[in-house]
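J.: one predicted model, sequence on top.
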Amino acid sequence: MKRFELERAITENELLLHYQPIVEIPSRRLTGVEALVRWRHPDRGIVSPTEFVPEAEATGLIRRLTFWVLREALLQSNVWRRDGTPLAVAVNLSVENLHDQHFRRFMELTLKVAGGPDLLIMEASAGALARDPEPPVATLELLRDQNIRVAIDDATEDDAHILESLPADIVKVGRGLIRKIGRDHRALEYVHAVVRATRERGISTTAVGVEDQVTWDRLVEIGFVSAQGYFIAPPMPASELAEWRAARV
Ligand code: C2E
Ligand code: MG
């Protein structure tokens with residue numbers, strides 16, 4: 001992956017967003033979506049974010065990538081709002097964004113254009129925050145002061161200490177743990193403990209990567225607030241999401 005190619009992707013509109021439904025447990029009511037970036041590469045077809053987000057973080061292009069994603073997600077959110085079917089949209093940030101001086105200013109401008117933060121969720125990786133020698137706590141607090149909800153993303157067994165100390169509205173438990181809870185007692189116990197501890201602090205929980213009925217049933221038992229995964233729906237373009245919503249009612 002060459003830097004100029006990634007730069008071109010951002011400026012020439014080769015990026016696109018897919019949206020994955022997030023539903024309430026146990027009602028399955030749709031409460032929001034996660035925006036997930038893809039790259040429509042002229043030769044390689046659709047490229048996964050796991051192949052180019054690390055490169056963007058390493059080369060400093062992550063600022064422009066995140067700004068593009070935020071702008072696109074907020075424009076889409078405005079369309080849903082205008083159509084009378086408002087939906088919360090979660091966007092993934094990199095820790096680099098949270099340390100970026102321009103980020104605050106950009107957020108202020110973006111929120112003005114977007115017409116408010118009430119339907120915006122910002123996700124930051126638990127692992128990246130745990131590895132950060134100076135976690136950007138003040139920036140997370142600033143987001144929450146502006147009524148943007150903060151989600152700590154992809155929590156694993158290794159992140160327990162950071163979950164206790166960070167300001168957050170939502171904790172998302174990663175697919176690595178969730179896929180095990182149907183058969184692995186220790187994983188189930190750990191996840192259950194996370195749900196109990198976060199509930200005491202008034203923090204919501206989302207399970208990511210729910211792929212089957214057995215896992216869904218466990219989530220209901222241990223009191224997860226919401227879920228996301230192929231069992232409910234995969235990430236999809238906004239047009240398909242509209243069809244998916246229409247088919248459910
Ligand atoms: P994430 O934030 O943990 O997103 C969830 C990932 O799990 C998505 O992969 C989604 O497609 C996948 N997934 C959801 N449900 C299931 C399931 O039931 N089974 C399986 N096997 N997979 C499931 P995706 O879209 O490839 O994104 C991977 C990661 O790339 C994301 O993980 C996030 O960390 C990063 N990413 C995606 N979009 C952005 C972005 O706009 N900015 C930044 N900085 N990172 C992004
Ligand atoms: Mg995420």
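T.: Happy to help now that I have it. Residues are numbered from 1 along each chain as shown. Ligands and ions are numbered 1, 2, ... in the order given.
J.: distance from the chain centre to the longest strand seen in the chain, please.
T.: The strand spanning the most residues in the chain, taking DSSP state E as the definition, is strand 30-41. Per CA atoms, centre = their mean, to the nearest Å, the displacement of strand 30-41 from the mean C-alpha position of its chain is 9 Å.
J.: for it, what is the average pLDDT?
T.: Here strand 30-41 scores 97 as its mean pLDDT.
J.: sheet partners, orientation included, of the helix or strand that that strand is followed by?
T.: Next in sequence after strand 30-41, counting helices and strands by DSSP states H and E, comes strand 45-47. If you go by DSSP bridges, strand 45-47 pairs up with strand 30-41 (antiparallel).
J.: okay, buried residues for the longest strand of the chain please.
T.: 30, 31, 32, 33, 34, 35, 36, 37, 38, 39, 41 (16 or more other CB atoms under 10 Å). In short, each C-beta sits where N, CA and C put it, glycine included.
J.: farthest pair within those residues?
T.: 31 and 41 (32.6 Å; CB to CB).
J.: please list the residues of this protein that sit near ligand 2.
T.: 92, 123, 153 (CB under 5 Å from the ion).
J.: which residue sits farthest out from the middle of the protein?
T.: residue 43 (28.1 Å; CA atoms, centre = their mean).
J.: before we move on, the earlier item: give me the contact status of the longest strand of the chain with ligand 1.
T.: Yes. Strand 30-41 lies within reach of ligand 1 by CB under 6 Å from any ligand atom, at 36, 37.
J.: low-scoring stretches of the chain, by residue?
T.: Along the chain, segments meeting pLDDT under 70 span 1, 113-116.
J.: can we see that at 80?
T.: 1-2, 108-116, 249 (pLDDT under 80).
J.: so what does the longest helix seen in the chain touch, helix or strand wise?
T.: If each helix of the chain is counted by residues according to DSSP state H, the longest one is helix 62-82. Using 3 or more CB pairs under 8 Å, 6 or more residues apart in numbering; DSSP states H and E, the elements in contact with helix 62-82 are helix 3-11, strand 15-24, strand 30-41, helix 49-59, strand 88-93, helix 95-98, helix 101-114.
J.: in JSON lines, list the ones you listed along with distance to residue 148.
T.: Shown next, in JSON lines, are the helices and strands packed on helix 62-82 (distance: least, CB to CB, whole Å):
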{"stretch": "helix 3-11", "distance to residue 148": "23"}
{"stretch": "strand 15-24", "distance to residue 148": "16"}
{"stretch": "strand 30-41", "distance to residue 148": "13"}
{"stretch": "helix 49-59", "distance to residue 148": "21"}
{"stretch": "strand 88-93", "distance to residue 148": "10"}
{"stretch": "helix 95-98", "distance to residue 148": "12"}
{"stretch": "helix 101-114", "distance to residue 148": "8"}
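J.: out of the ones you listed, deepest packed?
T.: Highest mean neighbour count among these (mean count of other CB atoms under 10 Å): strand 88-93, with a mean of 22.
J.: quick one: that one near ligand 1?
T.: Yes. Using CB under 6 Å from any ligand atom, strand 88-93 comes into contact with ligand 1 via residue 92.
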